[in-house]
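Undergrad: next comes the sequence, and after it the predicted model I'd like to discuss.
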Amino acid sequence: MNMNFAKTSDGVTLEFAPSEFEYEGVFYNATNSEKIYNALGYLRIERTAMPEKVGFYYTAFYEEENGVLTEKWEEHEIPAEENEYEKAAKILLGEVDE
């Protein structure tokens, strides 16, 4: 498998290019020819740095831009967990069902 080239149908899951394959009657083993992989439907992957922000996590997704799959990041807020004292107080006050 060649992890420099891939295709995606949902923008999240990548199908990596094979490292051994036949193309136009020639058997290839471990090529990085962008021209050949593009002809087979695989695009070069452009990886980016994952952002960092306190209180958030990120998931990768991929978009085709100028014939390249560019890695992008979707931001998600980490839910604040109630501490045990707050939870107990709400239960005692009848604000939350157990």
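TA: Looks like it arrived, so ask away.
Undergrad: low pLDDT regions in the chain?
TA: Within the chain, the stretches with pLDDT under 70 are 82-83, 96-98.
Undergrad: select the longest helix from the protein.
TA: Using DSSP state H, we find that the single longest helix of the chain is helix 84-92.
Undergrad: pull out the buried positions in that one.
TA: Going by neighbour count (16 or more other CB atoms under 10 Å), nothing in helix 84-92 comes out as buried. Quick note: C-beta positions are derived from backbone N, CA and C, even for glycine.
Undergrad: so the most centrally placed residue in the chain is in which element?
TA: The geometric centre of the chain, computed from its C-alpha atoms, lies nearest to residue 60 (CA atoms, centre = their mean), at 3.1 Å. Following DSSP states H and E, one finds residue 60 within strand 56-65.
Undergrad: skipping adjacent residues, who's closest to the residue nearest to the centre of the chain in space?
TA: Among residues not flanking residue 60 along the chain, residue 71 sits closest, at 5.5 Å (CB to CB, 6 or more residues apart in numbering).
Undergrad: what's around residue 77, how many residues?
TA: By the criterion of other CB atoms under 10 Å, residue 77 has 9 neighbours.
Undergrad: ok, and the closest non-adjacent residue to it?
TA: For residue 77, the nearest residue in space outside its immediate sequence neighbours is residue 56; the separation is 5.6 Å by CB to CB, 6+ apart.
Undergrad: circling back: buried set for the next helix or strand after the strand holding residue 60?
TA: Past strand 56-65, further along toward the C-terminus, the next helix or strand under DSSP H and E is strand 68-77. Buried residues in strand 68-77, counted by 16+ other CB under 10 Å: 68-71.
Undergrad: let me see the contact set for the residue nearest to the centre of the chain.
TA: Residues in contact with residue 60, defined by CB atoms under 8 Å, 6 or more residues apart in numbering, are 12, 50, 71-74.
Undergrad: show me what it is bridged to.
TA: On DSSP bridges, the residues paired with residue 60 through beta bridges are residue 73.
Undergrad: which residues does residue 28 contact?
TA: Under the contact definition (CB under 8 Å, 6+ apart), the residues listed for residue 28 are 20-22, 36.
Undergrad: most neighbours of all those residues, which one?
TA: Neighbour counts for those were taken using other CB under 10 Å; the highest belongs to residue 36, which has 17 neighbours.
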